[in-house]
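# next comes the sequence, and after it the predicted model I'd like to discuss.
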Amino acid sequence: MKESIVIIPTYNEIENIEAIIRTVISLPILFDILIVDDGSPDGTGLKVKELQEEFVGRILLSERKGKLGLGTAYIHGFKIALEKGYEYIFEMDADFSHNPNDLVKLYETCSQKNNDLAIGSRYINGVNVVNWPMSRVLMSYFASFYVRLVTGIQIMDTTAGFKCYKRKVLETIDLDKIKFVGYAFQIEMKFLAWKHKFKIVEVPIIFTDRTKGVSKMSSRIFKEAFFGVIQIKLRSFFQKF
């Protein structure tokens with residue numbers, strides 16, 4: 001069985017993609033990479049193909065037609081990673097808001113400490129966010145408070161997108177029934193792992209907002225998360241775990 005793979009969804013990340021791939025490849029622990037690119041018109045996919053020739057067997061590329069959403073990109077990536085036999089499956093952004101060096105901490109948290117899901121958390125030790133305006137920090141922090149209040153889940157950073165799953169978590173969750181695509185996707189996956197009683201640990205990280213490229217955040221994503229939390233909780237009353 002192959003061990004670790006990092007799934008990185010991309011759309012117009014030509015300014016970041018080569019640097020993020022080279023950084024992950026250079027880490028002291030072996031991480032393969034799966035890029036799920038949603039038809040980036042800026043040439044992100046072409047750059048990945050160039051790097052595949054340099055790092056033979058280490059980089060996978062799945063190209064989709066058009067922007068289909070972050071959640072669907074991860075579900076697509078999860079299925080590929082499971083099919084190829086990886087034991088530890090990671091989520092990470094392409095823009096260096098997640099420090100690639102922290103992949104090692106997440107890996108060790110699952111592989112050496114018998115945890116099922118490790119979350120790179122901005123809020124487990126205070127507020128560790130760099131380059132965000134205070135309004136966005138407060139919105140993000142209180143969004144997690146709102147999620148905990150509605151769902152009962154005991155996770156400080158409920159919208160975090162930097163994670164390591166053991167494969168059994170993704171095998172247990174019915175990925176075809178995941179509904180949401182933005183922040184609500186991240187909440188839904190954590191909620192389901194929690195309901196299935198998997199061992200979840202938050203690992204402190206420092207989140208640094210992107211310095212290159214354009215953020216994909218939108219008001220629609222925030223609205224989906226706000227109302228999606230209620231839907232997630234209501235649906236749980238009719239699900240067996």
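Perfect, I can see it now.
# what does the helix or strand of the chain with the lowest mean pLDDT contact?
Lowest on mean pLDDT, DSSP states H and E among the helices and strands of the chain sits helix 219-236, with a mean of 78. For helix 219-236, contacts defined as CB atoms under 8 Å, 6 or more residues apart in numbering pick out 139, 143, 146-147, 150-151, 159, 179-184, 187-188, 191, 195. In this view, the C-beta of every residue, glycine as well, is placed from N, C-alpha and C.
# how far off centre is the helix or strand harbouring Leu51?
Element membership of Leu51 [criterion: DSSP states H and E] is helix 44-54. Here helix 44-54 is found 22 Å from its chain centre; the criterion is CA atoms, centre = their mean, to the nearest Å.
# just the buried residues of it, please?
Neighbour counts over helix 44-54 (16 or more other CB atoms under 10 Å) mark Thr44, Gly45, Lys47, Val48, Leu51, Gln52 as buried.
# ok, stretch 15-26 next?
Glu15, Asn16, Ile17, Ile20, Ile21, Val24, Ile25.
# filter the contacts of helix 219-236 down to just the ones in helices.
Secondary structure from DSSP state H places Met139, Ala143, Tyr146, Val147, Val150, Thr151, Tyr183, Ala184, Ile187, Glu188, Phe191, Lys195 of the contacts of helix 219-236 in helices.
# now do the helices in the protein.
Taking DSSP H, the helices of the chain run over residues 17-25, 44-54, 70-83, 102-111, 134-151, 167-172, 183-195, 219-236.
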